[in-house]
Every structure is written in structure tokens, then in C-alpha cells.
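Visitor: quick one, structure for this:
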Amino acid sequence: MATYQDIKGLRVKYLSADPGTLRGGEVWYNSTSGTLKGVVKSAAWSSGAPMVEARASAGALGTQTANMVVAGYAPGLSTTSRTYNGSGWSTAPDLSGTARRSNAAFGTTTAAVSVGGSTGPLPPTANTVTTVEEFNGSAWTEGGAYPTGTYDLRAVGTLTAGLGAGGYTTPSDPGTYMNTNYDYNGTGWTVNNAMNTARSLFGCTGTQTTALAAGGTPGSLANAETYDGTNWTAITNLPAGRRMMAASGPQTQALVFGGTGASPYLTTSVLWDGSSWATDASMATGREFGQGSPASPGTAALSSGGYVNPGLSSATEEYDNTINTITAGTWASGNNMTTARGSMATGGIQTATFAAGGGVPGRTDVTEEYDGTNWTAGGALSTSRSYIAGCGTVPAGLSFGGFSGAASGITEEYDGSTWTANPSPSGDMGTARYALQGCGTQGSALAFGGTPPISTATEEYGGTTWTAGGVMTTARRYFAGFGTQTAAIAAGSGPPAISTTEEYNGTGWTAVNSLNTARGALRGAGTTDAGLVFGGSTSMPGTGLTVTENWDGTNWSTSPSLVTARYLLGGTGTQTTTLAFGGRTTPEFLKATEEFTGETSVATASTLTTS
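Guide: Residues are numbered from 1 along each chain as shown. Down below sits the predicted model:
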């Protein structure tokens, strides 16, 4: 009988503790626990950040960490594109031509093609699209026509080596299922040998010369076939018929997931290993007409959007077949504040935060401190103020500006127990204002924006007095701000709600890429390279939002949503360890606290048994 050493060329290690670095296939004996352990791969779906908007029937291309969806139903016929970077979704340029759904797409996020689709209502009266559009990383432009007006087709490959197959066309009513197969060379389409089965709404993945097609309509097909660049060849049927699904991976490790079959809104996945199909991990959200990641490797896939029960979905899930245990980033409820309020001065980190003043309604001087578990009373402000800004830490905090019956320039310092007001007027801000933002430390702070009137003013605090800084590019009030005195971000504003963002370098402000969702009264935390904004409202007073977005130094992308919708909330911490608290959702002021923890991926050893 072959031993582990015969198979792997290694002996089973005898260790007193588990290794610090784990590798797939590694086996050892832990003499302390008296157990045989190893590291094996396992497949699972985990939650990803939601799409910018709910979407179905879109063209999808790319991998799990570099994915794009194009057009579709969002809701209504769409021209918009969105990209996923492995953490969240960002806006991308719109198609140059006609809004459409049920199109196909292939390529990469910087060199893509959109083909086919429908500009009309649901079948059988849909109006087909023949126009092809190409994306160069900056803009979509119209190119040559697809040979046949088709929708609910599938496409795979690259900008210069693509494949379009199947679909449904409506030269008459009812229309016709297609078995057509066209190759794309970056300029035009060439007819190639047809599929064995005419079909639409099927799973398709792979490349121009190594493609796989499975399932689809009419009905719920189970048959599957592979393509070698010349001919399609029938392979083993799916375990059960299904349609309206997505697919990912290479031809010899293809994953088909979601859709509908004997029952709607399937969560199940099936994996093709080159010779047979096997049931694989299930998604949390069953969906139809969702999008996949056809260029992904067999060990990673992405599922986005689709129709769920009930309605249109923005849900994203990531598939990984890995040795790591992946825990999705999430907001989780913490213990409530003692005083419901919004628009307060804040500072600190997730496990050591202060919240001072704010609206209750009216104005308060109350301070609370959070230790990572509970809120407790701190020292009162010298002056009750709402719409106030703050920064620093629990033992060295700063509050400034706000509304105390009129716009205020009062500045107070906190030592962890007592607030002390700066001498007035020499220690006051140069510009009295409220609904401003601040960041930095007690001895090196930045104040920017605010009202009245809506302001572009920036001031820098050196521990005693304020001096003028660079003027903002956009006047803002009720917005998010985070960073340091020499590296800060300002995002959003309202009313009216805007999405513009700008960055401060210690001297001046520069406009950078905008938020995906325009809003005011949101909150932020982090740095100019790794930030997070959350909550807010598109109007005030109004309904709060749960929307959260990541900032990576260049772009905003979606992130897991808050549990409780709110605006004028407080927030502190970093991009991956953030605290959100208080705020308002008309007509209530809130006490609710939430803690955000970013996604983690940890290799995990398993105890080997005979069971």
C-alpha cells in the first residue's frame, strides 16, 4: 500500500504546534493535541459587496477580481457599465448607443465587447440589436454589426478572439432559437460550425477555442456541449435541466450556477471537471438572469444581480475553492448609545470613540465614550452645539464649529474627562460655521466646508489657533470628511445631493473621482488611500440610506451595507474597523451602534479522522 511519503515525497511532520504558514495538501501530527491534521481545499460561496444598483439580464465578462457588467435591466433598459475589483463595484463609462437588455459581453475590463440584446419588452415581441460596441478602458464606441439580430445569446473570449453563440431572434412572432456560432477577430464576425442544439439563456464559459455550453431554453435543457475552435461536441448532460443561469471557469473546470429548473431561483452549483458533472457549493441567494465571470479560473467565480424572490437583486457572491476560510466584510450591531442624537463631534477608533454634542432634537452638551462594548458618560461640552465637527482621540479630542443658536467658531479640547474652551476670540475658528467636517489630531486638525453660506473655506489648527488653508473646489455642507491635516478627503454634500469628491494635500484641494451614489449627511473614516463612507440621505429631512462605499485612493466602490438606514450619523475608525452610531431617520433620532469588520481570509487546519 502506498504511504503518504510515497505519494507526496514527504514524511508526515511531527510537531508540538500547528505550523504558522499553511499550504494545501500539508499533513502533520500535533503531539500536543494528539491529532493528525492537514490542510485541504473546500468550495464555498461568500457574500460580496452589493452592486451599485440592482441589475439582471446584463452582459458580463472578466474574472472574480476584475469583472464588468454591461447594460441589462437596472431597472429599465440600461446603457450603464459597472466594474468589480474583488472588493466592490464602481461606475464605468456608459455604452455610446442604444439602451438594451439580454445582451452578451466578453473580453476584459479594459478591452471589452458588447453584442446583441433587446430594446423592447419581454419576448416574443422584443426588438433585437445587431450593433457591436467595443470598450478601450475609457469609452465605448460602436463597431460593426453582429450577423444576426439576437438576444439572450452568450459570448466568451477576448477583444481579438471572441465567440458568440446561440440566442433568440424575432424575424417573426414567435421568434426562433438559434444554434449559430460566430468567431470575432476584433474587426468582424465569421460564421463557424453551428452548435448541436439551438438554445438561449444557457450557461457558457471558456474561450474562443475552448468553450462550454450547457442547459438553457426551450424548456429547461440538460444537454451540454464543448467547442474546440471548429466543432461542437456533445458531452454528458447536466444532472438536471436548467435555464437562465450563469457560468464561470475554463472548459475543463466549468461552474454553472443559479437559474431555474424544476424549481425557480436555484442556489445550486454544478461543476464540470472535463469528464463528468458534480454538485458543488450552493449560493446564499437563489437567482435567475444573474451575471457570472466567464474568464475566471475554476477555483474562483462571481455571481451578481439577477431576479430573486421577490424582485430585482443587487446581491453579489464570490465562489472560492481554496484552503482559506473566507469571512465576508459586514456591519454588526453593537450596544446602543445612551442618548439618541445626530450631527455630533466625533473622534477616535472603533474601540475607543467619543461623541460630543449634536442634535437630540435641539442641542446638547452631552459626551459619551465607547470602549468597544459599551457607551459611558464623559465630560460635558462647555457649550451645547449641534452640527458640530470633531477629531482626535478619546484622551486628546477636539470639537469645533457647530450651531448654538447661530453659527459658531468655538473650539474645545478634551482630555478624556473634561472639555476646555479655547480663549475667545483668539482661539475660535476664523469662520463661524456649522454642518462642516474635520479630521486630524488635537494638535494638528483640519476644518473644511460648512454653512452659512455653503462654504469652501478650509482652516488648519496647530494646537492653539486656526489659520487659513487652501480653498475647496466645491462648496459643501452636511458631507463626509476623513484623513489628516495634510491628507484629507471630502465627499458628497446636500441638499442638493451631490457625488463629487476632492482631496487635500496640505496646501490645496483637487477634484478626484466621484461617489457612486450622490448624497449628503453621510459619514466617513480612514485615510486618503483607504477610506470608507456610509449612510447619508438624498434629501433632508428624509429617509436615511444604508449605502457604504470604499475609497482606494483612486476610485469609490460598493461595500457591505449598514444594518440601519440613517443620516447625520457619527463615525470613526479605519476602512476595515469602523464604528457608525447615532444619526437620524425622519422623524427619529437614533441610538443604534454598528461595527464594521472587513473581509478576512485565513488558512485553516482540519483534524483528520477516519469518519
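
Visitor: next, count neighbours for Asn179.
Guide: By the criterion of other CB atoms under 10 Å, Asn179 has 17 neighbours. All C-beta atoms are positioned from the backbone trio N, CA, C, and that covers glycine.

Visitor: which non-adjacent residue is nearest Met245?
Guide: Gly259 (2.9 Å; CB to CB, 6 or more residues apart in numbering).

Visitor: where does the one you found fall, phi/psi-wise?
Guide: Dihedral pair for Gly259: phi 90, psi -160, per degrees, to the nearest 10.

Visitor: so what's it up against?
Guide: By CB atoms under 8 Å, 6 or more residues apart in numbering, the contact set of Gly259 is 203, 215, 242-246, 266, 287-288.

Visitor: how does the chain divide into domains?
Guide: Per automatic domain parsing, the domain ranges recorded for the chain read 4-39, 44-322, 339-597.

Visitor: let's have these in TSV, adding distance to Ser333 and mean pLDDT.
Guide: As requested, those are exported to TSV (distance: least, CB to CB, whole Å; pLDDT from 0 to 100):
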stretch	distance to Ser333	mean pLDDT
domain 4-39	32	71
domain 44-322	17	94
domain 339-597	6	97
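
Visitor: turn the ones you listed into TSV, columns for distance to Thr607.
Guide: TSV is the format used below for the domains of the chain (distance: least, CB to CB, whole Å):
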stretch	distance to Thr607
domain 4-39	5
domain 44-322	19
domain 339-597	27
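
Visitor: give me the number of residues near Trp189?
Guide: 20.

Visitor: tell me who's in contact with the closest residue to it other than its chain neighbours.
Guide: Spatial nearest neighbour of Trp189, excluding adjacent residues (CB to CB, 6+ apart): Tyr182 at 4.4 Å. By CB under 8 Å, 6+ apart, the residues touching Tyr182 are 146-147, 163-165, 189-192.

Visitor: neighbouring strands - and their directions - for the host helix or strand of Tyr182?
Guide: Using DSSP states H and E, Tyr182 sits within strand 181-184. Sheet pairing of strand 181-184 (DSSP bridges) gives strand 161-165 (antiparallel), strand 189-191 (antiparallel).

Visitor: hmm, who's touching whatever helix or strand comes next after the last one?
Guide: The first helix or strand that comes after strand 189-191 along the chain, using DSSP H and E, is strand 203-206. Residues from elsewhere that reach strand 203-206, judged by CB under 8 Å, 6+ apart: 154-156, 165-166, 211-216, 226-227, 245-251, 254-256, 259, 292, 294.

Visitor: for the closest residue to Thr316 other than its chain neighbours, give its distance to Ala278.
Guide: Counting by CB to CB, 6+ apart, Thr316 lies nearest to Gly48, which is 3.7 Å off, once chain neighbours are set aside. Applying CB to CB, to the nearest Å, the value for Gly48 to Ala278 is 24 Å.

Visitor: looking at those two, which is more packed in?
Guide: Comparing Gly48 with Ala278 by other CB under 10 Å, the one with more neighbours is Gly48, at 25 against 10.

Visitor: okay but that one is in contact with Ala300, surely?
Guide: No - Gly48 lies out of contact with Ala300 (CB atoms under 8 Å); the separation is 11.6 Å.

Visitor: overlap in contacts, these two.
Guide: Common neighbours of Gly48 and Ala300 (CB under 8 Å, 6+ apart) are Glu318.

Visitor: ok, back up a step: beta partners for the residue nearest to Trp189?
Guide: Gly164, Val191.

Visitor: state the distance from Gly76 to Arg101.
Guide: Going from Gly76 to Arg101 by CB to CB gives 9 Å.

Visitor: of the two, who's got more company?
Guide: Set Gly76 next to Arg101 and count neighbours by other CB under 10 Å: Arg101 wins out with 28 against 8.

Visitor: and that one, bridged to which residues?
Guide: Ser118.

Visitor: for Tyr151, grab the count of nearby residues.
Guide: Using other CB under 10 Å, the number of residues around Tyr151 comes to 28.

Visitor: what's the distance between Gly520 and Pro496?
Guide: In terms of CB to CB, Gly520 sits 8 Å off from Pro496.

Visitor: the two: which has the busier surroundings?
Guide: Gly520 (25 against 9).

Visitor: contacts only, for that one.
Guide: Contacts of Gly520 (CB under 8 Å, 6+ apart): 477-479, 492-498, 536-538, 540, 567.

Visitor: can you list which of the residues you listed are found in strands?
Guide: Counted as lying in strands by DSSP state E, out of those, are 492-493, 498.

Visitor: of those residues, grab the buried ones for PyMOL.
Guide: This is how PyMOL selects the buried members of the ones in strands among the contacts of Gly520, with burial counted by 16 or more other CB atoms under 10 Å:
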select buried, resi 492+493+498
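
Visitor: now Glu142: which helix or strand?
Guide: Glu142 belongs to strand 140-145, assigned by DSSP H and E.

Visitor: and that strand, what other elements does it pack with?
Guide: Counting contacts by 3 or more CB pairs under 8 Å, 6 or more residues apart in numbering; DSSP states H and E, strand 140-145 packs against strand 131-135.

Visitor: can we see that at 10 Å?
Guide: Packing partners of strand 140-145 (3 or more CB pairs under 10 Å, 6 or more residues apart in numbering; DSSP states H and E): strand 111-115, strand 131-135.

Visitor: any idea which of those is most buried?
Guide: By mean neighbour count, with neighbours taken as mean count of other CB atoms under 10 Å, strand 111-115 ranks first of the helices and strands packed on strand 140-145 at a mean of 26.

Visitor: what strands line up against that one, and which way round?
Guide: strand 104-108 (antiparallel), strand 131-135 (antiparallel).

Visitor: dump those strands to a markdown table, plus distance to Lys41.
Guide: Formatted as a markdown table, the strands paired with strand 111-115 follow (distance: least, CB to CB, whole Å):
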| stretch | distance to Lys41 |
| --- | --- |
| strand 104-108 | 27 |
| strand 131-135 | 34 |
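
Visitor: give me the subset of the contacts of strand 203-206 lying in strands.
Guide: Per DSSP E, these map to strands at 154-156, 165, 211-214, 226-227, 246-248, 254-256.
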